[in-house]
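Peer 1: I'll drop the sequence and a predicted model, then ask my questions.
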Amino acid sequence: MDDVTDLDGKLLIAMPGMGDPRFERAVILVCAHSEDGAMGLIVNKPVADLSFAGLLEQLSIPQAPEGRDIRVHLGGPVERGRGFVLHSTDYAGGPATMWIDGRYGMTATLDILEALAQGGGPARALLALGYAGWGPGQLEDEIRANGWLIGDAPDDLVFSRDDPGKWVGALKELGIDPLSLSASAGRA
């Protein structure tokens, strides 16, 4: 794992013994990864005390009866007051949309929230408040220290409403039984 290169569009799956309770059993979609660092969104930790309707109300965005109800997630500990909509590629928010590995879009403007509130917008969406960020080399060091597993990011897992099951599901995608994981790193 000494050569961790482009992780855009991959999942980071927290190993037991991560050491940081904010990332315990976290599943993170990597949105951007380069020599300058990395940015991702936790996709399996819903915010318990804030609904999409409640967020729309706080932002004074009216919701139509046919408006969508998407889950609000804690995207990470950085800039928790900033919202990001991770979505399918059938919605293009213009230059405000960042494309992730050609498979996902991430839009952080009110336009997408307004579209979802009116029943439109992307077919699949997840709202994240905040994000996970790493400085240059930091994520690579955490991977080498046995902090994260790397896996593919199937749409059905990323957008699943079974948030508690995403960590186990991501491990099973790798063919790993969660009970077989160890918090200890080793060198052969």
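Peer 2: That came through, no problem. Numbers count the residues shown, from 1 in each chain.
Peer 1: which of the residues in stretch 78-87 are buried?
Peer 2: For stretch 78-87, the neighbour count (16 or more other Cβ atoms under 10 Å) marks G83, F84, V85, L86, H87 as buried. C-beta coordinates here come from the backbone N, C-alpha and C atoms, glycine included.
Peer 1: Kindly reformat those as CSV containing pLDDT, secondary structure and distance to F52.
Peer 2: Output for those, formatted as CSV (pLDDT from 0 to 100; DSSP: H, G, I helix; E, B strand; the rest coil; distance: Cβ to Cβ, whole Å):
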residue, pLDDT, secondary structure, distance to F52
G83, 93, strand, 11
F84, 95, strand, 14
V85, 96, strand, 10
L86, 97, strand, 14
H87, 96, strand, 14
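Peer 1: Kindly indicate which of those residues lies nearest L129.
Peer 2: For the buried residues of stretch 78-87, the minimum distance to L129 (Cβ to Cβ) is 5.5 Å, reached by G83.
Peer 1: Tell me the spacing between the closest one and I61.
Peer 2: Plainly put, G83 is 12 Å away from I61 if you go by Cβ to Cβ, to the nearest Å.
Peer 1: Need the residues touching each of those two.
Peer 2: L113 (Cβ atoms under 8 Å, 6 or more residues apart in numbering).
Peer 1: where does the residue nearest the centre of the chain land in three-state SS?
Peer 2: With distances taken as Cα atoms, centre = their mean, the residue of the chain nearest its centroid is L41 (2.9 Å). Under DSSP: H, G, I helix; E, B strand; the rest coil, L41 falls in the strand class.
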